[in-house]
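1. my questions are about this predicted structure, shown below with the sequence.
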Amino acid sequence: MRVASVPAGHPYVRSLLDPTGRVVHLADPLPDPAEPARWWPPVVLDAAWLRAHAPEIDLLHVHFGTESYPTQHLVAVVETLRDLRLPLVYTVHDLTNPQLVDQAPHVEHLDVLIPAADEPITLTDASADDVEARRGRRPTVIAHPATAAPDAELPVGTPGDTVVVGVHLRDLRPNVAGVETVRTLLAAVGALRATGAAVEARVDLNERVRDPEQADRIRELVRAAGPSAPLAEHPRLTDAELERSLADLDVSVLPYRHGTPSGWVELCWDPAVPVAAPRAGHAPAQPPAPGPTASFDLDDPASLAAAVIALVSPHAVDEPADAHDDPARVPASRRGTPHRAALQHQRRSVRRRQRHEVSAAHLAVYERALATVAAVTA
């Protein structure tokens, strides 16, 4: 089965590769051959391209990149697929688009693609509930797979007595509340240090950002906090560099003002780095099995401090928790510890099973979509 994925080159889509070879994901046509790593704007998501290449594909699966086009462009794509009798599968990754400030275009895109899809997919039951409530269709739920190879050995981090609580702001895309998160993080760490706890904040920022003014304000906040809150600025991290950076954290703080599923949660689950997530979206419901997560309010340092205490407390079961719950319910996966290494080993086994399950689930969706179109056109 030949699937044109939009985009094929995204790490999430690459993680869907069928180990049995029953599904072939076609490579992304390049919008500019001079930039072979760039897939956007997605060439496949175009009515003229689909008409020209229809004999080469069996199904179109849209994941990301619709923000590159106006709504009428997507309407034309849907109409062309119907004319060509090609199925459409749409994975609803984002109920709010993290790349956009104004969500109105994204809402319009959802209003086109969810009803038009022969098979909609989403990543969590909570997201499926949301789609069903708003648009009257319940997508098939397929968990987010690992973006790293399931057999990859991941770093466990440098051991240390100080609890390191970090946030990766990356390039400050629109859904990142950089200033608010850093302010809350610094206040939470300050409150914990005032009790005598050995805690350090760490702020990580790309050199090239989308919001230079916000970056300046973040630098000012970190400078005012002193040596207990180092700021690391660097070029965009490679995958290996990011793995090492995450491994040196005891808690990774998500900086999102809005969002639904989070790829960052998945990125942290495999190396067993505990996550403190704002009460926005469905991040705690994502991992393929329970893991150390805690929630906090973005404007409430006390709730983040409580989340940190929960996440670094020992003698607990491995399940999600709220920061206001008993801290003993949350495991301690500290950097550089044998416990973290053991958790990573367990999770590699989970991911190996999951990769086959996710692949089989997608194959079943594709077969249903093909059958639906065949029945309509028979």
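-> Sure, I can see it. Residues are numbered from 1 along each chain as shown.

2. relative to residue 97, how far out is the residue lying closest to residue 99 once chain neighbours are set aside?
-> In this structure, residue 99 finds its nearest non-sequential neighbour in residue 67, 5.6 Å apart by Cβ to Cβ, 6 or more residues apart in numbering. Backbone N, C-alpha and C define where each C-beta goes, glycine included. Remark: distance between residue 67 and residue 97 (Cβ to Cβ, to the nearest Å) = 6 Å.

3. those strands in the chain, which residues are they?
-> 2-6, 24-25, 59-62, 88-92, 119-122, 140-141, 163-170, 199-206, 231-234, 251-253, 275-278, 293-296 (DSSP state E).

4. of residue 67 and residue 97, who's got more company?
-> It is residue 97, of residue 67 and residue 97, that has more neighbours when counted by other Cβ atoms under 10 Å, with 24 against 16.

5. give me the common contacts of residue 67 and residue 97.
-> In terms of Cβ atoms under 8 Å, 6 or more residues apart in numbering, residue 67 and residue 97 are both contacted by the residues residue 106.

6. what are the buried residues along stretch 81-92?
-> For stretch 81-92, burial by neighbour count (16 or more other Cβ atoms under 10 Å) applies to 81, 84, 86-92.

7. next, give me the two most distant ones among those.
-> 84 and 92 (23.1 Å; Cβ to Cβ).

8. first-to-last residue distance for stretch 266-279?
-> One end of stretch 266-279 to the other measures 17 Å (Cα to Cα, to the nearest Å).

9. quick one: that stretch to chain centroid distance?
-> Stretch 266-279 has its C-alpha centroid displaced from the chain centroid by 10 Å (Cα atoms, centre = their mean, to the nearest Å).

10. how about low-confidence regions in this structure?
-> The chain contains residues with pLDDT under 70 at 260-261, 281-291, 315-331.

11. domain ranges for it?
-> If you go by automatic domain parsing, the domain ranges for the chain are 2-144, 163-343.

12. tell me which of these is the most buried.
-> Ranked by mean neighbour count, the domains of the chain are led by domain 163-343 with a mean of 20 (mean count of other Cβ atoms under 10 Å).

13. now the end-to-end length of that one.
-> Start and end residues of domain 163-343 are separated by 19 Å (Cα to Cα).

14. ditto for stretch 262-278
-> One end of stretch 262-278 sits 11 Å from the other (Cα to Cα).

15. redo the strands of the chain as TSV? Include distance to residue 314.
-> Listed next are those as TSV, based on distance: least, Cβ to Cβ, whole Å:
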stretch	distance to residue 314
strand 2-6	43
strand 24-25	43
strand 59-62	43
strand 88-92	38
strand 119-122	35
strand 140-141	33
strand 163-170	12
strand 199-206	16
strand 231-234	28
strand 251-253	14
strand 275-278	17
strand 293-296	15
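
16. got the residue ranges for the helices in the stretch 151-300 of the chain?
-> With DSSP state H, counting those that start in this stretch applied, the stretch 151-300 of the chain shows helices at 178-194, 212-225, 239-247, 263-269, listed in chain order.
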